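Trainee: Got a predicted structure plus its sequence, pasted below:
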There are 2 protein chains.
Amino acid sequence: MLFAPHALSRVGESSAVTSDMIWAPLFQRLKTTTGADDRDLQALAALPFTLRNFRENQTVLRDGEQPSECCLIADGFCVRSKTIADGRRQILSIHIPGDLPSLQNLHFATVDHDLIALSDCTLAFIAHKALNELIRQRPGVGDMFWRDTLVDAAVSREWIVNVGQRSTYNRLAHLIVELRERLRLIGRVIDNTFEIPLTQEQFGEAMGVTSVHTNRILRELRIDGVLELQRGTVRILNEHKLQELAQFDGRYLHLSPSS
Amino acid sequence: MLFAPHALSRVGESSAVTSDMIWAPLFQRLKTTTGADDRDLQALAALPFTLRNFRENQTVLRDGEQPSECCLIADGFCVRSKTIADGRRQILSIHIPGDLPSLQNLHFATVDHDLIALSDCTLAFIAHKALNELIRQRPGVGDMFWRDTLVDAAVSREWIVNVGQRSTYNRLAHLIVELRERLRLIGRVIDNTFEIPLTQEQFGEAMGVTSVHTNRILRELRIDGVLELQRGTVRILNEHKLQELAQFDGRYLHLSPSS
DNA sequence: GCCCCCACTTAACATTTGTTGGATTTGCCC
DNA sequence: GGGCAAATCCAACAAATGTTAAGTGGGGGC
């Protein structure tokens, strides 16, 4: 069976997975960020894809692989990461439903990092060949995707700033706010509460610090009444303080077509 | 006068700046990395451009600006950087002749970081409009440029790993090796010696550490006989040790068309 | 319901990195 | 050649972060 029950129930409540459910978060994002042309989206939605489910911690793409398809996260969370010689691991980006985390392999033969499922995930795989043909037919689709990879790059640059210059305390605040803004775009934020299914160790790997230190900083944020994190669920306690710490300027997300 | 003498002498020894000299480093890079089509390059070289010179430390593009042209570094070095609220600055990438550091603004209206000349620089500015028209006529040009922005993104991801996980000692070694590989591509490495005109403070801003600490690490590298850095000139003293420290895996530079 | 594994939590101590302040060197202008 | 400004260099001390080693707690499998 293609769909394991656990994944099905996360994509939607019914047992039938429609094409709509697969594309919805991507389209929702593209419409607000790029003012996407409806015919381009319809053409996209007509592309053939294969659904595959991944379990928590399962590797989706391994460093060095040469994929012939690119993947769309229909449901669940993934991270890009790199592991260096001494075994230390850095998380490079966190991906949410609607993301296309391997779009760069339309142009690169080889994957230069790992892509790992953080939670149980449903991914739609679309052949590079089909995508390239569509892009040739409809340059607007290519523009949308090129832009999408550029936003991805802009997020990476801000990630460098975060790791390089902000105190761990502020760094975590910034990371949380960025993820909240991206989750809000796809309707995953309710009442200052949202899910980011990372363990403390993984938050540490995203910030370039150890799990012990991550725990210290989380305790401080909790004691200071800024936010709480429990088993992957974030609850904002003091929005004002959070903003002050994060100093978040969302322009780098390029959320509007005219930015 | 468009050309200040100092800049002219850096582009070439003669006093006439030909279109060839402007495009040479970019074409040299594109030929080895993307196996570029000669007709695409010819079409590119036929585009109108404006040359502008910048002095050391002069801002080329400021965070928030809305440029109508993108720039090609014909000669000199630039950096992308972001400054956060408390004044700390992070260098995001280092750009060398042949780089197109603002290509992302073909798709973004607004620049989301600063672009600053490290040394006296000669930049060629090409109108977005002309470039977009060429890309519509010759999709191969668009593919080349899309790929170029993807390599840029891959470099940013490795930069995150560098800042997040490597010790400052290894981090500096990695940074040096990456720059050497990129400079080699455009023929700027001679006898284990090459120029990277950053001050120690700027190396610090690239690595996310202070200038004092950068100085400590440079002294260690010098004492350990790994490399020397004097006024922007790097000399490798022990290639083997350097490799061991940097643990450099250049796949992320995607230097071959089939990678 | 029990057990086991894994995430979380904490403390003590070691190491790295930042801060401050000052001395020295270098490049450049006059 | 003198003098200024910037870059480099360095040491002493402070703060942030890593390491190690233990507990604690909760959820899933049996």
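Mentor: Everything's here; your move. Numbers count the residues shown, from 1 in each chain, chains lettered A, B, ... in the order given.
Trainee: Number of residues surrounding the closest residue to residue A:63 other than its chain neighbours?
Mentor: Closest residue in space to residue A:63, ignoring its immediate chain neighbours: residue A:114 at 5.3 Å, by CB to CB, 6 or more residues apart in numbering or on different chains. (Glycine included, C-beta is placed from N, CA and C.) A count of neighbours around residue A:114, defined by other CB atoms under 10 Å in any protein chain shown, yields 21.
Trainee: Also residue A:197?
Mentor: 16.
Trainee: And for residue A:239?
Mentor: Around residue A:239 there are 12 residues (other CB under 10 Å).
Trainee: Retrieve the pLDDT associated with it.
Mentor: You'll see residue A:239 listed with a pLDDT of 95.
Trainee: Likewise for residue A:242?
Mentor: What the model reports for residue A:242 is a pLDDT of 96.
Trainee: do the one 4 residues further on as well
Mentor: For residue A:246, the model assigns a pLDDT of 96.
Trainee: next one: residue A:55
Mentor: With respect to pLDDT, residue A:55 has a value of 92.
Trainee: Please enumerate the strands of chain A.
Mentor: A:50-54, A:59-61, A:69-75, A:78-83, A:89-95, A:114-117, A:121-127, A:193-195, A:227-230, A:233-236 (DSSP state E).
Trainee: ok, now which ones touch the residue nearest to residue A:63?
Mentor: By CB atoms under 8 Å, 6 or more residues apart in numbering or on different chains, the contact set of residue A:114 is A:59, A:61-63, A:80-83.
Trainee: For the helix ranked longest in chain A, buried residues please.
Mentor: If you go by DSSP state H, chain A has its longest helix at helix A:139-165. Buried residues in helix A:139-165, counted by 16 or more other CB atoms under 10 Å in any protein chain shown: A:140-165.
Trainee: so which of the strands of chain A comes closest to residue B:91?
Mentor: Closest to residue B:91 of the strands of chain A is strand A:89-95 (CB to CB; 18.3 Å).
Trainee: Okay, now the sheet partners of the closest one, with direction.
Mentor: Strand pairing for strand A:89-95, using DSSP bridges, gives strand A:78-83 (antiparallel).
Trainee: Would you mark the buried spots in the partner strand?
Mentor: Going by neighbour count (16+ other CB under 10 Å), the buried part of strand A:78-83 is A:78-82.
Trainee: Looking at it now, give me its mean pLDDT.
Mentor: Average pLDDT, strand A:78-83: 97.
Trainee: Now find how far off-centre it is within its chain.
Mentor: Its chain's C-alpha centre and that of strand A:78-83 lie 11 Å apart, by CA atoms, centre = their mean, to the nearest Å.
Trainee: Repeat that for stretch A:188-206.
Mentor: Per CA atoms, centre = their mean, the centroid offset for stretch A:188-206 relative to its chain is 12 Å.
Trainee: and what of stretch A:132-147?
Mentor: The answer for stretch A:132-147 is 21 Å, by CA atoms, centre = their mean.
Trainee: Enumerate the residues of the stretch 51-200 of chain A near chain B.
Mentor: Contact residues, the stretch 51-200 of chain A versus chain B (CB under 8 Å from any CB of the partner chain): A:64, A:80, A:82, A:84-85, A:88-90, A:92-93, A:104, A:107-110, A:112-113, A:136, A:139, A:142-143, A:146-147, A:149-150, A:152-154, A:156-161, A:163-166.
Trainee: rewinding a little: would JSON lines of the buried residues of strand A:78-83 with distance to DNA strand D be doable?
Mentor: Shown next, in JSON lines, are these (distance: CB to the nearest atom of the strand, whole Å):
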{"residue": "A:78", "distance to DNA strand D": "20"}
{"residue": "A:79", "distance to DNA strand D": "18"}
{"residue": "A:80", "distance to DNA strand D": "20"}
{"residue": "A:81", "distance to DNA strand D": "16"}
{"residue": "A:82", "distance to DNA strand D": "16"}
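Trainee: Report the two of those separated the most.
Mentor: Maximum pairwise distance in the buried residues of strand A:78-83, criterion CB to CB, is 14.2 Å, between A:78 and A:82.
Trainee: distance of the residue nearest to residue A:63 from residue A:81?
Mentor: Using CB to CB, to the nearest Å, one gets 5 Å for the distance from residue A:114 to residue A:81.
Trainee: now do residue A:228
Mentor: Using CB to CB, one gets 26 Å for the distance from residue A:228 to residue A:81.
Trainee: Residue A:147 too?
Mentor: Per CB to CB, residue A:147 is found 25 Å from residue A:81.
Trainee: One more: residue A:113?
Mentor: As for residue A:113, its distance to residue A:81 is 6 Å (criterion: CB to CB).
Trainee: Run through the bridge partners of the nearest residue to residue A:76 once chain neighbours are set aside.
Mentor: Nearest non-adjacent residue to residue A:76, counting by CB to CB, 6+ apart: residue A:121, 3.1 Å away. Counting by DSSP bridges, residue A:121 forms beta bridges with residue A:54.
Trainee: okay, now residue A:121: neighbour count?
Mentor: Using other CB under 10 Å, residue A:121 has 25 neighbouring residues.
Trainee: Tell me who's in contact with it.
Mentor: By CB under 8 Å, 6+ apart, the neighbours of residue A:121 are A:7, A:53-54, A:58, A:60, A:73, A:75-78.
Trainee: Now do the same contact list for residue A:146.
Mentor: Contacts of residue A:146 were listed using CB under 8 Å, 6+ apart, and they are B:107, B:142, B:146, B:149.
Trainee: 6 Å instead?
Mentor: residue B:146 (CB atoms under 6 Å, 6 or more residues apart in numbering or on different chains).
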